[in-house]
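**Student:** what shape does this take:
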Amino acid sequence: MPEVDLVFPRAFVEFVNPDDESEVMRCDLTWLTSNYHCIFGQGCQGIYKESPDVGCCALGAHFADKDDEKRVADHVGMLDETLWQFRPSKKKVKKGDWIDVDEEGERKTMVVEYDGQSACIFHNRPDFAPPNGGGGAGCALHALAFVLEKNPLETKPDVCWQLPIRRTFRTVKRPDGSDYTEISISEYDRRGWGPGGHDLDWYCTGNTEAHTAPEPLYVSSAAELTELMGKAAYDELVRHCEAHLKSRSALAIHPAEKLNRDF
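**Tutor:** Model prediction:
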């Protein structure tokens, strides 16, 4: 089925962050209660038709800040040839081996071409078969997380584990002259990628194929949402999501999910 339109009715909820009264959380209940899930390796076509096997890793990952880069670098030092297909053969890996700078001077993970497909240097390809077993396609830093018994959000760049949840900030002025910080938690649809997002050959969040999870997104992405919002705010979100699921109308259902139901 084709992607759904970008603009459709959504239900939002706003509430004060229990841990910080200067912040108001604005959450997209339509998105967070949808049954979206990542289908990498299970029908994902990749954002570019030239690189169908690499999902949304075709462009590499920009670092959020220096702390993000340092945390990733610490974990890159733990990768060996059984986890990382493109690990340099030398014993000690340096940042210059995997960090690049884009045209605007922003630091990011390097992109390499392999078998005609370009992707982040940490993206192992389908033919990756280390001597001791394992391997296959996927992120080396994601695989490391399982070895270390950590959540992948601890080992991967921030943008990688946040996508396709989008967190944005803005200052809102009230009529009485006071203001607050609005923290929006919503769907990272094509528009989140900037003007180029409309040129992607395929994208998951609006596709029915990716709306087949057995549980809603706010449950399956509990760890990510807790990291983005804080535990108290996430707990409050859960309360609103549960109430929304009990009372939502057809207008508040993500259209990609609704098409699956009607099919």
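
**Student:** so Glu182 sits in a strand?
**Tutor:** Yes - when DSSP: H, G, I helix; E, B strand; the rest coil is applied, Glu182 is found to be in a strand.

**Student:** what is the burial count for it?
**Tutor:** Glu182 has 15 neighbouring residues, counting by other Cβ atoms under 10 Å. C-beta: built from backbone N, CA, C; applies to glycine.

**Student:** and for Trp31?
**Tutor:** With neighbours defined by other Cβ under 10 Å, the count for Trp31 comes to 24.

**Student:** now do Val238
**Tutor:** Burial measure for Val238: 15 neighbouring residues, criterion other Cβ under 10 Å.

**Student:** and it, which helix or strand is it part of?
**Tutor:** In this structure, Val238 is located in helix 231-247 according to DSSP states H and E.

**Student:** same question for Phe40.
**Tutor:** Taking DSSP H and E as the definition, one finds Phe40 inside no helix or strand.

**Student:** contacting residues around it?
**Tutor:** 55, 138 (Cβ atoms under 8 Å, 6 or more residues apart in numbering).

**Student:** same thing but 6 Å
**Tutor:** Applying Cβ atoms under 6 Å, 6 or more residues apart in numbering, we find Phe40 in contact with Gly55.

**Student:** still on that earlier bit, show me what the helix holding Val238 is packed up against.
**Tutor:** strand 12-17 (3 or more Cβ pairs under 6 Å, 6 or more residues apart in numbering; DSSP states H and E).

**Student:** sheet partners, orientation included, of the strand it packs on?
**Tutor:** Strand 12-17 has its sheet partners listed here by DSSP bridges as strand 20-28 (antiparallel).

**Student:** hey, C-alpha coordinates of the helix or strand following the partner strand in CSV?
**Tutor:** Of the helices and strands lying after strand 20-28 in sequence (DSSP H and E), the nearest is helix 29-32. Presented in CSV, the C-alpha positions along helix 29-32 are these (Å, rounded to 0.1, in the frame of the first residue of the first chain):
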residue,chain,number,x,y,z
LEU,A,29,-1.2,10.5,21.2
THR,A,30,-2.1,9.4,17.7
TRP,A,31,1.5,8.5,17.0
LEU,A,32,2.4,7.2,20.4
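
**Student:** what sits up against helix 29-32?
**Tutor:** Counting by Cβ under 6 Å, 6+ apart, helix 29-32 makes contact with 10-11, 13, 186-187, 217-218, 241, 244, 252, 254, all of which sit outside it.

**Student:** low-scoring stretches of this protein, by residue?
**Tutor:** Residue ranges of the chain with pLDDT under 70: 1, 248-251, 259, 261-263.

**Student:** the helices in it, which residues?
**Tutor:** Residue ranges of the helices in the chain, as given by DSSP state H, are 29-32, 66-76, 140-147, 158-162, 217-220, 222-229, 231-247, 255-262.

**Student:** dump the ones you listed into JSON lines; add distance to Asp20 as well.
**Tutor:** Formatted as JSON lines, these follow (distance: least, Cβ to Cβ, whole Å):
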{"stretch": "helix 29-32", "distance to Asp20": "20"}
{"stretch": "helix 66-76", "distance to Asp20": "20"}
{"stretch": "helix 140-147", "distance to Asp20": "29"}
{"stretch": "helix 158-162", "distance to Asp20": "20"}
{"stretch": "helix 217-220", "distance to Asp20": "21"}
{"stretch": "helix 222-229", "distance to Asp20": "11"}
{"stretch": "helix 231-247", "distance to Asp20": "9"}
{"stretch": "helix 255-262", "distance to Asp20": "32"}
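
**Student:** how many neighbouring residues does the nearest residue to Tyr180 once chain neighbours are set aside have?
**Tutor:** Closest residue in space to Tyr180, ignoring its immediate chain neighbours: Val24 at 5.2 Å, by Cβ to Cβ, 6 or more residues apart in numbering. Residues near Val24, counting by other Cβ under 10 Å, number 16.
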